[in-house]
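1. return atomic coordinates for the entry below.
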Amino acid sequence: MATLGCIKAKMGRTTYYICKMAAGELIDRVGIAKELPEWPDMTAEEKMQRECDIKRIVEEIVPYVIEDPDRFFSSLIVDIYSGFEDISFEPLSKVVGDIPNAYAVPMADMGFITLPGKERLIALDGQHRLLSLKIAIRGIMGVPGGTKTFAAMNKLQPHPELANEELCIILVEHTDTAKIRKIFNKINKYAKQTSRSDNIITSDDDTFAVIARRLFKEGGPLAPINGIDLVNWKSNTLSQRSKNLTTLSALYTIAETILKDKRFSSKILPDTVALDEAYQTIASFWSTTLDGVQAYQQYLELTRNNKPVSSLREENLLLKPVTQMALAHVALMAQRKEISWESIVGKLNQIDWSFNNDLWFNILVIGSANKKMITGKESIRSAGMVIAYMVMGNQMTRNEVDDVRQIIRNARNDDTANLPSMIP
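-> Residues are numbered from 1 along each chain as shown. Below you'll find the predicted structure:
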């Protein structure tokens, strides 16, 4: 039996109870729908939950629960699947007796709910959070039986001290499955995911997000010029008339690419020294690129004079974030081959970056008159490989050159297509 302080509330035809429960008690009392004995025999119409993504729980949510002292979860909605008739609510007024009239109305819905222990409680919304707590507290023993093992599971250790964490739960009676399914559907349907830019702006434990934001602060290589933002930090695209050079999303991807071999995390911030070194690596990439590439010098000059950059963006692929992200792959390869980025940047000016250059068709640009860029991680990597061949082909391995050759032939749909010329 458990008695919880709660607030009774109602929305529409649904009465619910807002309570506080310790994490240890929560994982003991509340289960997930898949654990119901009747779950395997339920039809699609009868099931009220989706399958859990155990890999995401173990690799992303559990480390957050264990390692972040500022961890916080929103309320879990718990379905009283059965046994609601044995649950009782007693208002505070019944417990304390006479109360002043000023408090009588609000206290009518404040009180205690008693769970006798025979009820079945199912996480209607929050099963991933519930399982992450269970695994964080119990370690490998908290992983549901029958789960296929993967590498990250071998590192799981129990953290019983987390059992004292306190969470807010909302108890809802399971009057019928159709209603419960509707509640689950609407909660998730109307919960808008934060945008990639919003995530980068607000994340303080993501190494690449912190670096990306620092790049366009005062003193950074991409700081505003005369009040004009060089970085669009509100969306992931640039319009033809935009005065921005790049996007926050591109800054993030570029940092992530160049630092790929440094084993930095998007979930845990390194110490100050390591973070500063990582930032300097990315800031140096941008400073060197902006100083050495003629197209970027033209952009900066136009921006200093508050003149439109649309014609430059229309003529030059370097003004597109996709191309900038491809350059990050070139910088990574140069880094691996111990080639200075300064020596590479000088060669970039000798490449024809126009939209009409057939080389970029089906590599950077869709081969049509609308001049649309090709996006996607693999496409950006492929573009980076082609650029890398042009500026350091003599120092690429045979496999790397073969990779570039195949990229060119796939883009041309021609098994005899030749490699582009290298820049001397």
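
2. following the helix or strand bottoming out on mean pLDDT in the chain, which helix or strand shows up next?
-> Counting by mean pLDDT, DSSP states H and E, the weakest-scoring helix or strand in the chain turns out to be helix 177-189, with a mean of 72. Following helix 177-189 in sequence order, the next helix or strand is helix 196-202 (DSSP states H and E).

3. check which helices and strands that next one is in contact with.
-> If contacts are counted by 3 or more CB pairs under 8 Å, 6 or more residues apart in numbering; DSSP states H and E, helix 196-202 sits against helix 207-215, helix 248-258. Using the backbone N, CA and C atoms, a C-beta is placed for each residue, glycine as well.

4. the helix or strand just after the first one pairs with which strands, and in what direction?
-> To tie it back to what came earlier, the one meant is helix 207-215. Sequence order places strand 231-232 as the next helix or strand after helix 207-215, per DSSP H and E. Strand pairing for strand 231-232, determined by DSSP bridges: strand 246-247 (parallel).

5. Lys347 touches Met390, doesn't it?
-> Yes. In this structure, Lys347 is within contact of Met390 by CB atoms under 8 Å, at 7.5 Å.

6. which neighbours do the two share?
-> Counting by CB atoms under 8 Å, 6 or more residues apart in numbering, the shared contacts of Lys347 and Met390 are Ile423.

7. which of the two has more residues huddled nearby?
-> It is Met390, of Lys347 and Met390, that has more neighbours when counted by other CB atoms under 10 Å, with 20 against 17.

8. what's the neighbour count on Leu167?
-> 20.

9. got it, and Ile77?
-> Look at Ile77: counted by other CB under 10 Å, it has 19 neighbours.

10. and it, which of the three is it?
-> strand (DSSP: H, G, I helix; E, B strand; the rest coil).

11. for it, which non-adjacent residue is spatially closest?
-> Asp125 (4.0 Å; CB to CB, 6 or more residues apart in numbering).

12. which of the helices or strands spans Ile99?
-> Going by DSSP H and E, Ile99 is not part of any helix or strand.

13. about what we covered before: what packs against the least confident helix or strand of the chain?
-> Helix 177-189 sits against strand 76-82, strand 120-125, with contacts defined as 3+ CB pairs under 8 Å, 6+ apart.

14. buried residues in it, which are they?
-> For helix 177-189, the buried set under the neighbour-count rule, 16 or more other CB atoms under 10 Å, comprises 180-181, 183-184.

15. buried residues in stretch 19-35, which are they?
-> Across stretch 19-35, burial judged by 16+ other CB under 10 Å covers 19, 21, 23-24, 26-27, 29-34.

16. restrict it to CA atoms and write it as CSV.
-> Extracted C-alpha coordinates of stretch 19-35, given in CSV (Å, rounded to 0.1, in the frame of the first residue of the first chain):
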residue,chain,number,x,y,z
CYS,A,19,1.3,13.1,-7.5
LYS,A,20,5.0,12.9,-6.5
MET,A,21,6.7,9.5,-6.4
ALA,A,22,10.3,8.4,-5.7
ALA,A,23,12.0,6.9,-8.6
GLY,A,24,12.6,3.6,-6.8
GLU,A,25,8.9,3.2,-6.0
LEU,A,26,8.0,4.3,-9.5
ILE,A,27,10.0,1.6,-11.2
ASP,A,28,8.6,-1.0,-8.8
ARG,A,29,4.9,0.0,-9.2
VAL,A,30,4.7,1.2,-12.8
GLY,A,31,5.3,-1.0,-15.8
ILE,A,32,5.2,-0.7,-19.6
ALA,A,33,2.4,-1.9,-21.8
LYS,A,34,4.6,-4.6,-23.4
GLU,A,35,4.9,-6.3,-20.0
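
17. which helix runs longest in this protein?
-> Of all the segments of type helix in the chain, defined by DSSP state H, the longest one is helix 272-292.

18. give the buried residues for that one.
-> 275, 278-279, 281-283, 285-290, 292.

19. returning to what we had before: and the furthest pair within the buried residues of helix 177-189?
-> Farthest apart among the buried residues of helix 177-189 by CB to CB are Arg181 and Ile183. That separation is 7.4 Å.

20. can you lay out the helices and strands packed on helix 196-202 as TSV showing distance to Val105, mean pLDDT and mean neighbour count?
-> Below are the helices and strands packed on helix 196-202 laid out as TSV (distance: least, CB to CB, whole Å; pLDDT from 0 to 100; neighbours: other CB atoms under 10 Å):
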stretch	distance to Val105	mean pLDDT	mean neighbour count
helix 207-215	47	95	23
helix 248-258	49	96	24
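
21. circling back to that earlier point, format the buried residues of stretch 19-35 as TSV; extra columns: secondary structure, pLDDT and distance to Ile211.
-> Below are those laid out as TSV (DSSP: H, G, I helix; E, B strand; the rest coil; pLDDT from 0 to 100; distance: CB to CB, whole Å):
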residue	secondary structure	pLDDT	distance to Ile211
Cys19	strand	95	41
Met21	strand	94	39
Ala23	helix	95	33
Gly24	helix	95	38
Leu26	helix	94	37
Ile27	helix	93	36
Arg29	helix	90	43
Val30	strand	91	39
Gly31	strand	85	41
Ile32	coil	82	37
Ala33	helix	73	41
Lys34	helix	71	40
